[in-house]
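Student: Below: sequence and its predicted model.
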Amino acid sequence: MAHSIRDIALALGAEADGDLDLTVLRASEPASAGPQDLALAMDPRYADGIPKGQAQAAMLWPGADWRALGLKAVIFAPRGRLAMAGLSVLLDPGPTIARGVHPMALIDASAQIGENAAIGPFVVIGPDVKIGARARIASHVSVAEGAVIGDDALILQGARIGARVKIGHRFICQPGAVVGADGFSFVTPEKSGVEEIRASLGKRDEIRAQRWVRIHSLGSVTLGDDVEIGANVTIDRGTVRDTVIGSGSKLDNLVHIGHNVQVGRDCLLCGQVGIAGSAKIGDRVVLGGQVGVSDNIFVGDDVIAGGATKILTNAPAGRVLLGYPAVKMETHVEMQKALRRLPRLAVKVAQLEKAISLLPDVD
């Protein structure tokens, strides 16, 4: 669908100049842009690509000399990535899922499907499920008994929503995600080796045979409004109470949330983050890729943890963490500097040892 520069600027609340009736079909990187593309160069570093392409219009930084770049129209973006967010909403047509229930979907008679919902082929919806208005559910999705999904949900191919899961409005779920699988919870009849070494920090008196007894998950999962989860995310049910993800939180691909975990509002959990059972994550927490959080600990509001950080103990609100085990970022940087100095230090120590060995003995 074509959009005029005027309409795009109006939708973004941005200033524009030039031929505002010029229309574009797509967004593009500057060097590969065609005549019907909107070139994206919100930073001066990317301006050199515009003459290499064929764009007639571009989104540029405020104050850019767009005429000198050979353009016919421009949209000014004071905050580039924020403008990109609005532009992506405007240009993304979304998945094609026909309104209504596909004849190859299987829906229990007791399920309630909201007005103007779209249910794709091979979808299975169990007993007593409630699906909100305008929900879109793509092919091969299953929704188990008693689940509740709010209005305007988008659930993509092959996702699995477990029994009694409660999901708020405007939920977005990428392919292959599983919300509401059993938690990984086992116990041994006798005190296990894991319990011993956690108490002793590694010391074991003896190694004994042990077997694992399963603890079933009696709770479920509750997601707030505006939650988004990526492809192959897994969120386990709680043992007794629900696992909870707060409103506005976003989970990247391959994130795993263990049983009983509580994640606050507006958190950002990047790819391959793993949060172990019964951990509590505050509001607005950002965890970089491959961050791990140990079980039964608390991560305070507004904590930011860099990639591959392993959080093994409670983290106070506002702390910036890095490393394994997690420490303050500035402390980690100093530790890495010291680590790089070790080879030189070893050479100096060896020289001092040799010099000392050559000193005459003193009675």
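Tutor: Here it is on my side, so go on. Numbering: from 1, shown residues only.
Student: right, and the helix or strand after the helix or strand containing residue 89?
Tutor: When elements are assigned from DSSP states H and E, residue 89 belongs to helix 80-91. Scanning forward in sequence from helix 80-91 by DSSP H and E, the next helix or strand is strand 100-101.
Student: packing partners for that following strand?
Tutor: strand 118-119 (3 or more CB pairs under 8 Å, 6 or more residues apart in numbering; DSSP states H and E). All C-beta spots, glycine's among them, are computed from the backbone N, C-alpha and C.
Student: mind listing the strands for the stretch 251-363 of the chain?
Tutor: Under the criterion DSSP state E, counting those that start in this stretch, strands of the stretch 251-363 of the chain are mapped to 256-257, 262-263, 268-269, 274-275, 280-281, 286-287, 292-293, 298-299, 304-305, 310-311, 320-322, 327-328.
Student: Compile the ones you listed into JSON lines and extend it with columns for mean neighbour count and distance to residue 40.
Tutor: Shown next, in JSON lines, are the strands of the stretch 251-363 of the chain (neighbours: other CB atoms under 10 Å; distance: least, CB to CB, whole Å):
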{"stretch": "strand 256-257", "mean neighbour count": "24", "distance to residue 40": "34"}
{"stretch": "strand 262-263", "mean neighbour count": "24", "distance to residue 40": "33"}
{"stretch": "strand 268-269", "mean neighbour count": "22", "distance to residue 40": "23"}
{"stretch": "strand 274-275", "mean neighbour count": "23", "distance to residue 40": "34"}
{"stretch": "strand 280-281", "mean neighbour count": "23", "distance to residue 40": "34"}
{"stretch": "strand 286-287", "mean neighbour count": "22", "distance to residue 40": "25"}
{"stretch": "strand 292-293", "mean neighbour count": "23", "distance to residue 40": "35"}
{"stretch": "strand 298-299", "mean neighbour count": "23", "distance to residue 40": "35"}
{"stretch": "strand 304-305", "mean neighbour count": "22", "distance to residue 40": "27"}
{"stretch": "strand 310-311", "mean neighbour count": "21", "distance to residue 40": "36"}
{"stretch": "strand 320-322", "mean neighbour count": "21", "distance to residue 40": "30"}
{"stretch": "strand 327-328", "mean neighbour count": "15", "distance to residue 40": "37"}
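Student: Which among these is found nearest to residue 53?
Tutor: Residue 53 sits nearest to strand 268-269 of all the strands of the stretch 251-363 of the chain, at 32.7 Å, using CB to CB.
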